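Peer 1: Have a look; sequence and predicted model below, questions after that.
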Amino acid sequence: MSKIAEKLKQLKNSNEGFVSLEFFPPKTESGLTNLLQRIERLSVLKPLFVSITWGAGGSTAEKSLELAAYCQKELNLTVCLHLTCTNTNKEIIDNALAKAKESGIRNILALRGDPPRAEVLDDSIGSLNKDFQYAADLVRYIRHEHDDYFSIGVAAYPDGHVDGSDNSFQDFEKDIPYLEEKVKAGADFIISQLFFDVDQYLKFESKILSTESLANIPMIPGLIPINNYQLFKRVTKLSHATIPKSVLNRFPVSVQSDDRKVKEIGVEVLDEIISDLYKRSNSPIKGFHFYSLNLESSIAKLVKKSPILQEYTHIAADDTNAIVASEKDKSTSSAASEISNFNLSKKDILAISTGIGTLGKEATWDEFPNGRFGDSRSPAYGEIDGYGPSLKIPFGVKNPLSKELWGVPQNLGDIGNLFIDYLSKKIPALPFSDLEISAETLLIQEELFQVNAKNWFSLSSQPALNGCSSTDSIFGWGAKNGYLYQKSYIELLVSENDWKRVLKPKIDHYNESVDDTDSNCNKTISYYAGNAAKGVAVETNISVDNRSTAVTWGVFPNKEIVQSTIIEEQSFRAWKDEAFGILVEWANLYLIEWKNSTDADSKKYETAYKLIKSIHDEFYLITIFDNNFQDEDGLWSLLSE
């Protein structure tokens, strides 16, 4: 039995509980390899199904289908493939459904996805379809084309659905008619958006159960582990989920930078939510869907802590020795091969997933913490932004082209001023970031002003750091009594002319002046550079053997060195494609205004569109870092010359 609706019906009749897990396709091949091992370990939880996400407009279609097929065929898991429709044409949907059938996948989560950024696009960017406007259209289409072959799930929003950043009309009561339409179109199960407010969820559940057309459609509550504080705040912001004060108060400032402590508290919070729902929910369906973000430690620890989840996953009945004892005399490096070679028990494998023992370190090496870049070998590289590029528009902003945010730039100087205004905290966001300027960025604020005044637009940066305390109020992260180190780096959008005739020669000359003794060694100033073209080789002055560099790391008592931010070619490529994708979306905002504006405004929007498009077409993304972390001024002196 591989249809989720049928499985849920059987569980409803037996009153048994379950868990299900969501994963997204990693951005890199090495990340995919590691994720497959991670899913194999978590499969001991006997998930009712695993869901595989689908990037906006089918941007991850190939990777999503590859991952879904592997889970279905090789791991023998029931798979639910996400499909989004508003930025996707029928050809992509038909191809995805055909390949799902080929792989034996019988379940689809039908989602609307983000609304299109423009109505008309030129050939260099592509064209949008108008076959689907809402998730109900996709559900109806799948039912029409494939009858009852697929079990179809849809999303529901306990806190109320919100488009974009404007949450002023957030109210789940307004969503009920749309949910009814999706069910009428053929949906047969519901997965809720993530939430932390149990009272709010139960109000929503009560409404569902009291609505005649929805009462018999099973709804699974969606929960997300709290892996680090910044991600916790960001993901709840993106999903418009309410965080009760009782939960927020569990994370005082003193622990927010300690990822290990945040995880511990996060496990406690979710354990309490699960217990509360178990006692108070009136739903005949007893289960939980976990948005894993491709990390396993918190989920495994939650199962070990929660008697309810132990019952649902049948882990408690597996009485065996601890993993530490079973590791003796083992020498292979792959946790997945350990599982197959030594037939480890469920509890042993679960212990690996929590990080216990040598194998546990191999399994959870990327858990603490995931920085701005992280490590491209990690399945979680990019985390919440792994769902595809999107403009970073802050809450409450209905028109990002207003004077209070991005306006209508007419030349490169206007763009530079936008970046300077963001660095000065005069505007709350850029298309590339809606995060508040950090205290450490303020330390190099003047240097960044100078850079952006040259029309070299800075997307990310950090100052050098040599042995700072891990509890420092500005730079601190990780456990207490540790020491932190950083190399200065900067990400820039630079015109091709300025890159090839100005900046690159500066870097080459600087490196020649400080080191001409060893042509094989890493240069003092290193870089990666690339434009929007797909498949073109990335420019770099780093030797092939050394193309992975930690630019942020920490040394802590009784623990191996933690490298929280890695720069390498794979991660640069992944971010490069996202950055240029964001430029496309930004340009499209002006395009739609140009096409719909009056004669008086048409010209300025046309100019703004062509300006942003020229940056997309003609600029390079450059990542530059100074390997001499003891020199606080080296990189900034180079850029200011």
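Peer 2: Sure thing, it's come through.

Peer 1: Let's see the pLDDT reported for Ile592.
Peer 2: On pLDDT, Ile592 comes in at 86.

Peer 1: An error on my part: the question was meant for Ile349.
Peer 2: pLDDT, Ile349: 85.

Peer 1: That one against Val44, yeah?
Peer 2: Yes: counting by C-beta atoms under 8 Å, Ile349 touches Val44, with 4.8 Å between them. To be clear about C-beta, it is placed using only N, CA and C from the backbone, and glycine gets the same treatment.

Peer 1: residue contacts, the residue nearest to Arg573 when sequence neighbours are not counted?
Peer 2: Of all residues not flanking Arg573 in the chain, Val538 sits nearest, at 6.3 Å (C-beta to C-beta, 6 or more residues apart in numbering). By C-beta atoms under 8 Å, 6 or more residues apart in numbering, the residues touching Val538 are 528-530, 569, 572-573, 576.

Peer 1: Okay, and which of those map to helices?
Peer 2: Among those, the residues falling in helices (DSSP state H) are 569, 572-573, 576.

Peer 1: Tabulate these in TSV, adding columns for pLDDT.
Peer 2: Below are the ones in helices among the contacts of Val538 laid out as TSV (pLDDT from 0 to 100):
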residue	pLDDT
Glu569	86
Phe572	88
Arg573	86
Lys576	91
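
Peer 1: Make a PyMOL selection of the buried ones in these.
Peer 2: A single PyMOL command selects the buried members of the ones in helices among the contacts of Val538 (16 or more other C-beta atoms under 10 Å):
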select buried, resi 569+572+573+576
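
Peer 1: Please produce a markdown table containing the contacts of Val538, extended by distance to Ile542.
Peer 2: Output for the contacts of Val538, formatted as a markdown table (distance: C-beta to C-beta, whole Å):
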| residue | distance to Ile542 |
| --- | --- |
| Tyr528 | 8 |
| Ala529 | 11 |
| Gly530 | 14 |
| Glu569 | 8 |
| Phe572 | 10 |
| Arg573 | 14 |
| Lys576 | 16 |
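
Peer 1: Would you tell me which one of those residues comes nearest to Lys237?
Peer 2: Lys576 (25.3 Å; C-beta to C-beta).

Peer 1: Report the separation between that closest one and Val451.
Peer 2: Distance, Lys576 to Val451, using C-beta to C-beta, to the nearest Å: 19 Å.

Peer 1: do Leu611 as well
Peer 2: Distance, Leu611 to Val451, using C-beta to C-beta: 19 Å.

Peer 1: which one of the two has more residues nearby?
Peer 2: The residue with more neighbours, out of Leu611 and Val451, is Val451; 24 against 19, by other C-beta atoms under 10 Å.

Peer 1: how close does the more buried one sit to Phe457?
Peer 2: For Val451, the distance to Phe457 - C-beta to C-beta - is 8 Å.

Peer 1: Overlap in contacts, the two.
Peer 2: Listed as contacting both Val451 and Phe457 by C-beta under 8 Å, 6+ apart are Leu492.

Peer 1: Just send the ones in helices among the contacts of Val538 back as a markdown table, with distance to Gly554 too.
Peer 2: Formatted as a markdown table, these follow (distance: C-beta to C-beta, whole Å):
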| residue | distance to Gly554 |
| --- | --- |
| Glu569 | 24 |
| Phe572 | 23 |
| Arg573 | 26 |
| Lys576 | 27 |
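
Peer 1: Let me know the closest of the ones in helices among the contacts of Val538 to Tyr485.
Peer 2: Phe572 (21.1 Å).

Peer 1: so that closest one sits right up against Tyr528, yeah?
Peer 2: Yes: if you go by C-beta under 8 Å, Phe572 and Tyr528 touch, sitting 4.3 Å apart.

Peer 1: who touches both of these two?
Peer 2: With C-beta under 8 Å, 6+ apart, Phe572 and Tyr528 have common neighbours 538, 623.

Peer 1: what number of residues lie near Asp421?
Peer 2: Around Asp421 there are 17 residues (other C-beta under 10 Å).

Peer 1: What of Val536?
Peer 2: Counted with other C-beta under 10 Å, residues neighbouring Val536 total 9.

Peer 1: A strand includes it, no?
Peer 2: No: counting by DSSP: H, G, I helix; E, B strand; the rest coil, Val536 is not part of a strand but coil.

Peer 1: excluding its backbone neighbours, what's nearest it?
Peer 2: Gly530 (6.8 Å).

Peer 1: got the contact list for that neighbour?
Peer 2: 536, 538-539, 572-573, 576, 620-621.

Peer 1: Quick check: buried residues in whichever strand or helix holds Ser614?
Peer 2: Per DSSP states H and E: Ser614 is located in helix 599-618. Of all the residues in helix 599-618, those buried under the rule 16+ other C-beta under 10 Å are 604-609, 611-613, 615-617.

Peer 1: Show me what stretch 142-155 is in contact with.
Peer 2: For stretch 142-155, contacts defined as C-beta under 8 Å, 6+ apart pick out 3-6, 80, 94, 97, 100-101, 106-111, 135, 139, 179, 182-183, 185-193.

Peer 1: Now a PyMOL select for only the buried ones of those residues.
Peer 2: What follows is the PyMOL syntax selecting those of the contacts of stretch 142-155 that are buried according to 16+ other C-beta under 10 Å:
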select buried, resi 3+4+5+80+97+100+106+107+108+109+110+111+135+139+179+182+183+185+186+187+188+189+190+191+192+193
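
Peer 1: need the contact list for Val477.
Peer 2: You called it Val, but residue 477 is Trp. If you count contacts by C-beta under 8 Å, 6+ apart, then Trp477 has 257-259, 369, 470, 484, 554, 564 around it.
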